[in-house]
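Colleague: how does the following fold in three dimensions:
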Amino acid sequence: NGEGKLFGKKEEKIGIMKLLLKEDVHGLGSCGDEVEVKTGYGKNFLIPNGHAIEAIPKNLKQFNHQKSIVQGRLKKIKIVAEAQALEIKKALCIFKKKTGDNGKIFGSVTTQDISESLRSNGIELDRRKLQLKEPIKSLGDFDVSVKLHPDVTVAVKVSVVQEEVKSKESSEPPKEETPS
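Modeller: Okay, the predicted model is just below:
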């Protein structure tokens, strides 16, 4: 029994190494985690493929420095997203559409239409950030969710109103050109 314990400790020291993950590895951990793996797995797969680096003090210090730089950038991106969310919250997109007898509109209001409407209000927004399951095909007021950042979601107000029908009596007939 005593030999088995000693053998187990030697096996533990020799066959296992500590690594710092540079990216998420399925079944092992996420980026920045310090993990213990078998030496062969670490030296033959994780390190050569760029998934991890050895967890020595020099690498730990360098990795933490890079991590702090990235976190700073992510914080700035989130602040910009929050500022844009305030602008979007104030915006109102109004669409005038022709309707049929039953109140359904001809055509629909899509994410592209909403994005262009916001752009005309001075708000640049990629249409893929708008979370509209299907185009709007009826009159009314709608709140369309906009995901600017994983932590920042805001709703833009969209109003679809009936386009005013001009009566035929008040409109002037088109002027015809007479050949000279």
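
Colleague: show me the contacts for the spatially most central residue of the chain.
Modeller: Among the residues of the chain, the one closest to the centroid is residue 149, at 5.5 Å (CA atoms, centre = their mean). With contacts defined as CB atoms under 8 Å, 6 or more residues apart in numbering, the neighbours of residue 149 are 77-78, 81-82. In this view, the C-beta of every residue, glycine as well, is placed from N, C-alpha and C.

Colleague: if you set the cut-off to 6 Å instead, what comes out?
Modeller: For residue 149, the contacting residues are 78, 81, by CB atoms under 6 Å, 6 or more residues apart in numbering.

Colleague: and it, its phi and psi?
Modeller: With angles defined as degrees, to the nearest 10, residue 149 sits at phi -160, psi 160.

Colleague: show me what it is bridged to.
Modeller: Following DSSP bridges, residue 149 is listed with bridge partners residue 152.

Colleague: and the pLDDT for it?
Modeller: Looking at residue 149, its pLDDT reads 86.

Colleague: what ranges do the helices span in this protein?
Modeller: In order along the chain, the chain carries the following helices (DSSP state H): 2-15, 39-41, 57-90, 111-120.

Colleague: residue 158: which of those helices is closest?
Modeller: helix 111-120 (6.1 Å; CB to CB).

Colleague: tell me the average confidence for that closest one?
Modeller: Confidence over helix 111-120, taken as the mean pLDDT, stands at 92.

Colleague: got the CA coordinates for it in PDB?
Modeller: Coordinates of each C-alpha in helix 111-120 appear next as PDB, following Å, rounded to 0.1, in the frame of the first residue of the first chain:
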ATOM      1  CA  THR A 111     -35.300  45.500 -40.100                       C
ATOM      2  CA  GLN A 112     -33.800  47.200 -43.100                       C
ATOM      3  CA  ASP A 113     -36.600  49.900 -43.100                       C
ATOM      4  CA  ILE A 114     -36.200  50.500 -39.400                       C
ATOM      5  CA  SER A 115     -32.400  50.800 -39.700                       C
ATOM      6  CA  GLU A 116     -32.800  53.300 -42.600                       C
ATOM      7  CA  SER A 117     -35.300  55.300 -40.500                       C
ATOM      8  CA  LEU A 118     -32.900  55.400 -37.600                       C
ATOM      9  CA  ARG A 119     -30.100  56.500 -40.000                       C
ATOM     10  CA  SER A 120     -32.200  59.400 -41.200                       C
END
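
Colleague: touching it from outside, list them.
Modeller: For helix 111-120, using CB under 6 Å, 6+ apart, the contacting residues are 93, 125, 127, 130, 132.
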